[in-house]
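Chemist: just the structure for this:
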Amino acid sequence: MARYKHIDTSPRFLAVDLQRQLLPGTFEYALNHLLDHELDLSGFDARFNNDVTGAAAFPPAMLLKVILFAYSQGIVSSRNIERACREHVTFIALSGDSQPHFTTLAGFVSTLGDDIARLFSQILFICDRQGLIGREMFAIDGVKLPSNASKARSGTRADFERQADKLEKAARVMLERHREEDRRANEPDLQAKETKRITRLQGDAAQIRQWLADNKEDRKGSKGAIRKSNRTDNESAKMATSKGVIQGYTGVAAVDAKHQIIVEAQAHGTGSEQELLIPVVTAMKEMLSNDTLITADAGYHSEANLKQLAAMNVDALIADTHMRGRDERFADQGKYKALPDPIHDKGGKPKQAARYQSRDFDYNEEAGTCLCPAGKQLYGNGSDCTINGLRR
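Modeler: Here you go, the predicted structure:
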């Protein structure tokens, strides 16, 4: 029988050169080099005021290294990134074994704002300098992303006015009932519970009234129609997806065809992709050349968009909603469509008759026999009789 050396993967202390864990040619090596030597991160210095007093802060370059590398590995949780900085050798090398706390990572990400936009522009400049952007064709597409806002807090100003009125009315009714119970010397525990509910209703109504005071007008859509606002995140929107209605954003990106470099990325609080095409094309105007072609799917097609692109002298191929109906290659597309999802089919299955009808039986007049729907022959168990003029 063959004998093999034992492979021990248990924890141990090793003398490791962290710099050598970043192998040339890998993403983490390029990320480490760019953030240390190529990108200008001086804009992040304005975040800190600890030149003379205060504790030393984690370098923004280190935080960006571990966060961006985590994103490339599909890790998007601050707690998981913190754990990786303690346990994974590549994260340990990028962070210099500094082990930032998850609150530090979360606070840094939540306040990036315009700083990350300027960093994105620098990265695009480096990609262009290296010849990675071809400028021959850009593809534009988007995806709907959920936000942390609640759908229940969406509505128009009129909706919120009605909600506030309803809450205030309920609070008044409960308050009057509370006073009535006090006069009857009811149990104090019930009174405390009632008081808590009244306070909560009044607080919810006050929040709605404050939101209405801060937002004087309804949001307007691209065609002037009223768009529902959200009291938690007013920039998000309620939109339909294949998995139901969500409160969120439509993220749209433009990608260069040569090396799949994302040259523009935006997020908008609308479910309509048509109104997002022109803002993306306008933002990437400096990337376009005379021979550049823009491509997009039918979701971005509209007469207004085509006229605007023509005015901007931008060549584009955008599928329209009837394209498949005209193309003979899609003549048999129906057989590839998925069956209806029973979870979202609110109609349900058609109800069957509670009893069999006469048409369900096969009667042989010559033999005087009858076959039931199950294929069995029926037989009589009594003498002939007439009921309601029918012979049985």
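
Chemist: okay, CA-based contacts and neighbour counts for the rest of this
Modeler: Will do.

Chemist: what residues does whichever strand in the chain runs longest touch?
Modeler: Ordering each strand of the chain by length in residues (DSSP state E) puts strand 244-256 first. With contact meaning Cα atoms under 8 Å, 6 or more residues apart in numbering, strand 244-256 is reached by 133-151, 236-240, 261-271, 273, 276, 280.

Chemist: how close does the most centrally placed residue in the chain sit to Glu235?
Modeler: For the chain, the residue nearest the mean C-alpha position is Leu145 (1.7 Å; Cα atoms, centre = their mean). From Leu145 across to Glu235, the span is 13 Å (Cα to Cα, to the nearest Å).

Chemist: all helices for the stretch 251-392 of the chain, in order.
Modeler: 277-283, 303-311, 323-326 (DSSP state H, counting those that start in this stretch).

Chemist: out of the ones you listed, deepest packed?
Modeler: helix 277-283 (a mean of 16; mean count of other Cα atoms under 10 Å).

Chemist: where do the strands of the stretch 51-200 of the chain begin and end?
Modeler: 137-146, 154-155 (DSSP state E, counting those that start in this stretch).

Chemist: buried ones among the contacts of strand 244-256?
Modeler: Neighbour counting by 16 or more other Cα atoms under 10 Å classes 133-142, 144-147, 149-151, 236-239, 261-265, 267-271, 273, 276, 280 among the contacts of strand 244-256 as buried.

Chemist: over to Val25: give its phi and psi.
Modeler: If you look again at residue 25, you'll see it is Gly, not Val. phi 100, psi -10 (degrees, to the nearest 10).

Chemist: quick check, pLDDT for it.
Modeler: Predicted confidence (pLDDT) for Gly25: 91.

Chemist: count of neighbours near Arg179?
Modeler: 12 (other Cα atoms under 10 Å).

Chemist: weakest of the helices of the stretch 251-392 of the chain by average pLDDT?
Modeler: Taking the mean pLDDT of the helices of the stretch 251-392 of the chain, helix 323-326 comes last: a mean of 82.

Chemist: chain center to that one, what's the gap?
Modeler: Taking Cα atoms, centre = their mean, to the nearest Å, one finds the center of helix 323-326 at 30 Å from the center of the full chain.

Chemist: other residues contacting that helix?
Modeler: So helix 323-326 is contacted by 330-331 (Cα under 8 Å, 6+ apart).

Chemist: circling back: output the longest strand of the chain as PDB, nothing but the C-alphas.
Modeler: In PDB, the C-alpha atoms belonging to strand 244-256 read as follows (Å, rounded to 0.1, in the frame of the first residue of the first chain):
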ATOM      1  CA  GLY A 244     -41.600  41.500  -7.100                       C
ATOM      2  CA  VAL A 245     -41.700  45.200  -6.200                       C
ATOM      3  CA  ILE A 246     -38.700  46.700  -4.400                       C
ATOM      4  CA  GLN A 247     -37.700  50.100  -3.000                       C
ATOM      5  CA  GLY A 248     -34.400  50.900  -4.600                       C
ATOM      6  CA  TYR A 249     -32.400  52.300  -7.400                       C
ATOM      7  CA  THR A 250     -31.600  51.500 -11.100                       C
ATOM      8  CA  GLY A 251     -27.800  51.200 -11.400                       C
ATOM      9  CA  VAL A 252     -26.600  51.800 -15.000                       C
ATOM     10  CA  ALA A 253     -23.100  51.300 -16.400                       C
ATOM     11  CA  ALA A 254     -21.300  51.900 -19.700                       C
ATOM     12  CA  VAL A 255     -18.700  49.300 -20.600                       C
ATOM     13  CA  ASP A 256     -16.000  49.600 -23.300                       C
END
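
Chemist: pull up the pairing partners for it, direction included.
Modeler: Sheet pairing of strand 244-256 (DSSP bridges) gives strand 137-146 (antiparallel), strand 237-241 (antiparallel), strand 262-268 (antiparallel).

Chemist: quick check: domain ranges of the protein?
Modeler: 18-48+55-130, 157-217, 237-331, 359-391 (automatic domain parsing).

Chemist: relative to Arg227, which of those is closest?
Modeler: domain 237-331 (8.1 Å; Cα to Cα).

Chemist: tally of neighbours for the closest residue to Asn50 other than its chain neighbours?
Modeler: Counting by Cα to Cα, 6 or more residues apart in numbering, Asn50 lies nearest to Ala56, which is 7.1 Å off, once chain neighbours are set aside. For Ala56, the neighbour count with other Cα under 10 Å is 9.

Chemist: distance of Ala56 relative to Phe91?
Modeler: For Ala56 relative to Phe91 (Cα to Cα), the value is 21 Å.

Chemist: repeat for Val281
Modeler: Taken as Cα to Cα, the span from Val281 to Phe91 is 37 Å.

Chemist: what's the answer for Asp256, then?
Modeler: 30 Å.

Chemist: which one of these two is surrounded by more residues?
Modeler: Phe91 (27 against 21).

Chemist: residue contacts, the closest residue to Gly134 other than its chain neighbours?
Modeler: Nearest non-adjacent residue to Gly134, counting by Cα to Cα, 6+ apart: Lys258, 5.3 Å away. The contact partners of Lys258, taken as Cα under 8 Å, 6+ apart, are 132-136.

Chemist: how about JSON lines for the residues you listed, with pLDDT and distance to Asn290 added?
Modeler: JSON lines is the format used below for the contacts of Lys258 (pLDDT from 0 to 100; distance: Cα to Cα, whole Å):
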{"residue": "Leu132", "pLDDT": "90", "distance to Asn290": "19"}
{"residue": "Ile133", "pLDDT": "91", "distance to Asn290": "15"}
{"residue": "Gly134", "pLDDT": "91", "distance to Asn290": "13"}
{"residue": "Arg135", "pLDDT": "90", "distance to Asn290": "10"}
{"residue": "Glu136", "pLDDT": "92", "distance to Asn290": "9"}
